[in-house]
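# Got a sequence here, can you build the structure:
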Amino acid sequence: QVQLVESGGGKVQPGGSLRLSCAASGNILSINAMGWYRQAPGKQRELVATITSGGSTNYADSVKGRFTISADNAKDTVSLQMNSLKPEDTAVYYCNADLGYYSGGYPWFGDYWGQGTQVTVSS
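This next block holds a predicted model:
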């Protein structure tokens, strides 16, 4: 019913930049918030950044000042601009959306995840 599709991952040298994008599709009714989480090997998934439909943002302390989250409410997309990347930023990055959609004539609400995109920061 709902899909979140990420793009933009890859390999970059320390100090470099990457931009991740995520597009939500389906019979979407509303999106309350979208965000990015990441999971490094052997570690738990952690919050990177979130943005509400009203534009309020929240960042993990480890990425403040280096990462910027933005959203296009009209296109149901969220992006993460990552600058000054460090090896410790290496992880699979997941898009997340708290949204509602129509199915069978009824509204449904829930939390949805993308499939993940690999970001590797290495020289």
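# didn't residue 122 look like it was pressed against residue 10?
No. Taking contacts as C-beta atoms under 8 Å, residue 122 lies outside contact range of residue 10: 11.2 Å. (Each C-beta comes from the backbone N, C-alpha and C, glycine too.)
# name the element residue 99 belongs to?
strand 91-103 (DSSP states H and E).
# how about the strands in this protein?
With DSSP state E applied, the chain shows strands at 2-7, 10-12, 18-26, 28-39, 46-52, 57-59, 67-72, 77-82, 91-103, 106-113, 117-121, listed in chain order.
# Make a markdown table from those strands and add mean pLDDT and mean neighbour count to it.
As requested, the strands of the chain are arranged in a markdown table below (pLDDT from 0 to 100; neighbours: other C-beta atoms under 10 Å):
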| stretch | mean pLDDT | mean neighbour count |
| --- | --- | --- |
| strand 2-7 | 94 | 16 |
| strand 10-12 | 98 | 14 |
| strand 18-26 | 96 | 19 |
| strand 28-39 | 96 | 19 |
| strand 46-52 | 98 | 19 |
| strand 57-59 | 98 | 16 |
| strand 67-72 | 97 | 18 |
| strand 77-82 | 98 | 22 |
| strand 91-103 | 95 | 20 |
| strand 106-113 | 93 | 12 |
| strand 117-121 | 98 | 18 |
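# Provide the partner residues of the closest residue to residue 43 other than its chain neighbours in its beta bridges.
Distances taken as C-beta to C-beta, 6 or more residues apart in numbering put residue 91 closest to residue 43, at 7.9 Å, once the chain neighbours are dropped. Residue 91 has the following beta-bridge partners by DSSP bridges: residue 119.
# Distance-wise, check residue 91 relative to residue 118.
Noted for residue 91: a distance of 8 Å to residue 118, by C-beta to C-beta, to the nearest Å.
# same deal with residue 29?
According to C-beta to C-beta, residue 29 and residue 118 sit 31 Å apart.
# Could you do residue 85 as well?
Residue 85 sits 13 Å away from residue 118, going by C-beta to C-beta.
# what residue of this protein is the furthest out?
residue 105 (28.7 Å; C-alpha atoms, centre = their mean).
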